[in-house]
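Visitor: Coordinates for the following, if possible.
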Amino acid sequence: MSEWTTFFFATATGFVAAGLVGSFYRLVMKKPPSFQIWDGTLITQVAGILALVFAGPNVILRNALRAQVLENRPPAWLLLSFFIAMMWSCLSGIFLLTLILVR
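Guide: Numbering: from 1, shown residues only. Purely as a prediction, here's the structure:
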């Protein structure tokens with residue numbers, strides 16, 4: 001498998017994991033995942049941190065799209081946010097694929 005194929009497969013795996021974890025967090029906690037997790041109990045803070053490890057790209061892209069629409073940020077802001085989320089997704093995808101494929 002070429003390096004680019006591996007990169008895109010790992011990135012797609014990370015994006016899917018971010019979506020699944022973010023949706024599960026929203027289902028359980030009744031609010032979307034956010035980087036502002038310091039206003040709850042210790043259990044909700046720990047759950048928020050654990051969820052953000054994998055749902056971070058979902059949160060970054062949601063915030064970037066909202067800032068683009070509501071605050072009319074420049075397109076470079078959205079592109080930079082997408083690049084950060086893509087790298088985060090790639091790293092979490094590599095971690096998940098390593099856990100799944102290596103026995």
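Visitor: Show me which helix or strand of this structure is least confident by mean pLDDT.
Guide: helix 42-70 (a mean of 90; mean pLDDT, DSSP states H and E).
Visitor: where's it relative to the chain centroid, distance-wise?
Guide: Put simply, helix 42-70 sits 7 Å off its chain's centre (C-alpha atoms, centre = their mean, to the nearest Å).
Visitor: Report how many residues lie close to the residue lying closest to Ile60 once chain neighbours are set aside.
Guide: Distances taken as C-beta to C-beta, 6 or more residues apart in numbering place Ala85 nearest to Ile60, at 4.4 Å, with adjacent residues excluded. Quick note: C-beta positions are derived from backbone N, CA and C, even for glycine. By other C-beta atoms under 10 Å, the residues close to Ala85 number 23.
Visitor: got it, and Pro74?
Guide: 9.
Visitor: Which strand or helix spans Trp88?
Guide: Trp88 is located in helix 75-101, with elements delineated by DSSP states H and E.
Visitor: Can you tell me which helices and strands that helix packs against?
Guide: Contacts defined by 3 or more C-beta pairs under 8 Å, 6 or more residues apart in numbering; DSSP states H and E place helix 75-101 against helix 3-29, helix 42-70.
Visitor: Of all those, which one is nearest Leu97?
Guide: helix 3-29 (5.8 Å; C-beta to C-beta).
Visitor: which secondary structure elements does that closest one contact?
Guide: Against helix 3-29 (3+ C-beta pairs under 8 Å, 6+ apart) you get helix 42-70, helix 75-101.
Visitor: For Phe9, which of those helices is the nearest?
Guide: Set against Phe9 and scored by C-beta to C-beta, the helices and strands packed on helix 3-29 come closest in helix 75-101, at 7.5 Å.
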